[in-house]
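A.B. asks: Test case, fold it:
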Amino acid sequence: MTIEERKTINTNIIQNLILENREKLTISGVNDVLSFDDQVVVVETDLGLLTVKGENIRVNKLSLDTSEVILEGHISFLSYSDKEQEKSKDGGLISKIFK
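C.D. replies: Residues are numbered from 1 along each chain as shown. Below you'll find the predicted structure:
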């Protein structure tokens, strides 16, 4: 994504990530939790897919009404990726399988 594309992103979207002592992560602006286990959680947000990695991670609170998720555990990694990139990767893999 170029700098110009980043500038055109809708800035009316508000999302907060609050990490407390690398043990508790509060995420607002959540649309869905796509997958989770005790080491990796993938959350769909308006700003893209958020991947959270660590150890002994558990979903403590999930409220799609308030668009909030609270994760607890030892959090060591946070990363955003674009929804379009993930979809194109999946589409490419699926198309390769069914050729």
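
A.B. asks: Check which helix or strand the residue positioned nearest the centre of the chain maps to.
C.D. replies: The centroid of the chain falls nearest to L50 when counting by CA atoms, centre = their mean (1.8 Å). Secondary structure from DSSP states H and E places L50 in strand 48-63.

A.B. asks: neighbouring contacts of that strand?
C.D. replies: Residues from elsewhere that reach strand 48-63, judged by CB atoms under 8 Å, 6 or more residues apart in numbering: 17, 22, 24-25, 27, 33-34, 36-44, 68-83, 86. Bear in mind the C-beta positions are built from the backbone N, C-alpha and C, glycine included.

A.B. asks: Likewise for stretch 68-88?
C.D. replies: By CB under 8 Å, 6+ apart, the residues outside stretch 68-88 that reach it are 1, 17, 19, 22-28, 30, 33, 38, 41, 43-44, 47-63.

A.B. asks: So for that stretch, what gets flagged as buried?
C.D. replies: Neighbour counts over stretch 68-88 (16 or more other CB atoms under 10 Å) mark 69, 71-73, 75, 86 as buried.

A.B. asks: For those, work out which two are farthest apart.
C.D. replies: Spanning the widest gap among the buried residues of stretch 68-88 are E72 and E86, at 25.4 Å by CB to CB.

A.B. asks: Can you name the helix or strand that V33 falls in?
C.D. replies: Using DSSP H and E, V33 falls in strand 30-36.
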